[in-house]
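>>> Provided below for reference: sequence and predicted model.
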Amino acid sequence: MKIALTSFRDAKNWEGTSCSIARWQPVWSSMPEFPIDVKPVYKGEKLSEWMKPVEYKRKYNLILKEKEDKLIDFFSRIESDEPIILCCWCTLDRQPQFKGKLFCHRILLGWWIEEHFKYAMVKYADGAESPIWKKI
């Protein structure tokens, strides 16, 4: 399984099936939404980079825990070698306050995929390779 986690603007540089994991998409995008709702919204609360990073990570991990069975089922059924490109808005230039680190749920989703699917090849792009969190 090959997964790339990138921004909407960078998605054009990747070959594969692109899906949005953002709360909303650019009006110029016809990209379908990922079939499982992994948007950063916890019990009606929109998670954002204005939260403390540790609190954001905790709440987003609760979202992933809640969706775990569906996510495991979905990723377990992937048989194609075609990459899946998961996209959102976050880029380093949209978050200058973090000085070269990215605060984005797609990083946390990538870490979840790596934890549950050891064979997965996960690529972090357009800032996602420089997370604000430390991988534990």
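Right, received. Where do you want to start? Numbers count the residues shown, from 1 in each chain.

>>> Quick one, grab the pLDDT at the residue sitting nearest the centre point of the chain.
Here the mean C-alpha position of the chain is nearest to the C-alpha of residue 106 (C-alpha atoms, centre = their mean), at a distance of 1.8 Å. At residue 106, the model reports a pLDDT of 94.

>>> which SS class is it?
helix (DSSP: H, G, I helix; E, B strand; the rest coil).

>>> can you pull the contacts of it?
For residue 106, the contact set (C-beta atoms under 8 Å, 6 or more residues apart in numbering) comprises 5-6, 21, 86-88, 90, 124, 128. For the C-beta atoms, the positions are set from N, CA and C on the backbone; glycine is no exception.

>>> Now the buried members of the residues you listed.
Burial by neighbour count, judged by 16 or more other C-beta atoms under 10 Å, picks out 5-6, 21, 86-88, 90, 124, 128 from those.

>>> Quick check: closest non-adjacent residue to residue 10.
residue 126 (3.9 Å; C-beta to C-beta, 6 or more residues apart in numbering).

>>> and the longest helix seen in the chain, what does it pack onto?
When the chain is parsed with DSSP state H, its longest helix is helix 53-66. For helix 53-66, the packing partners by 3 or more C-beta pairs under 8 Å, 6 or more residues apart in numbering; DSSP states H and E come out as strand 41-42, helix 105-116.
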